[in-house]
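In: Generate a structure from the sequence data that follows.
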Amino acid sequence: MEGLNIAMKVACQKGIFHGIKIPYSETLISHLFYANDVIFVGEWSQDNIKNLSRVLRCFQVASGLKVNFNKSRVFGIEVDMSDVTRWVAPLGCQLASLPFTYLGVPMGANMKLKKH
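Out: Numbering: from 1, shown residues only. Next up is the predicted model:
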């Protein structure tokens with residue numbers, strides 16, 4: 001996973017992948033790791049999605065670790081769902097929506113509700 005971490009950092013530094021900048025900070029987030037799970041976070045553009053796919057395929061060839069795109073999900077936040085559907089198809093990922101649960105924690109849920 002360290003190899004993928006370095007590949008993503010280089011991709012961001014070279015402008016190949018555009019992560020999300022934290023407001024009022026210089027911090028840029030492009031990916032988060034937990035054990036063998038990864039969450040990629042980036043600007044919503046067709047180029048960003050294609051380039052992420054290319055980085056993942058290069059990682060797969062270099063490391064021998066197969067990325068299971070069938071188990072992967074893509075979430076489009078405040079994006080037209082037809083765009084999400086069209087752009088996700090070439091990746092072989094499934095389309096998903098908020099809220100969802102990650103490691104038992106609700107993501108994208110209304111945290112003001114008692115149940116969350």
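In: Quick one: the helices in the chain, in order.
Out: Here the chain has its helices, by DSSP state H, at 2-13, 46-63, 81-88.
In: mean pLDDT for these: which is lowest?
Out: Sorting the helices of the chain by mean pLDDT places helix 81-88 lowest, at a mean of 83.
In: Return the distance of it from the chain's centre.
Out: 15 Å (Cα atoms, centre = their mean, to the nearest Å).
In: before we move on, what about stretch 78-94?
Out: 13 Å.
In: Same check on stretch 42-53?
Out: On Cα atoms, centre = their mean, the centre of stretch 42-53 falls 9 Å from that of its chain.
In: Which positions in it come out as buried?
Out: Residues 42, 44, 48-49, 51-53 are the ones in stretch 42-53 that count as buried (16 or more other Cβ atoms under 10 Å). For every residue, glycine as well, the C-beta is placed using N, CA and C.
In: Identify the farthest-apart pair in those.
Out: Farthest pair in the buried residues of stretch 42-53 (Cβ to Cβ) is Trp44 and Ser53. Separation: 14.4 Å.
In: Let me have the helices of the chain in CSV, extended by distance to Ile29.
Out: Shown next, in CSV, are the helices of the chain (distance: least, Cβ to Cβ, whole Å):
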stretch, distance to Ile29
helix 2-13, 10
helix 46-63, 14
helix 81-88, 20
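In: and His31, which of the ones you listed is closest to it?
Out: helix 2-13 (4.9 Å).
In: what packs against that closest one?
Out: Applying 3 or more Cβ pairs under 8 Å, 6 or more residues apart in numbering; DSSP states H and E, one finds that helix 2-13 contacts strand 31-34, helix 46-63.
In: and the residue nearest the centre of the chain, bridged to which residues?
Out: In the chain, the centroid-proximal residue (Cα atoms, centre = their mean) is Phe40; its distance is 2.4 Å. Counting by DSSP bridges, Phe40 is bridged to His31.
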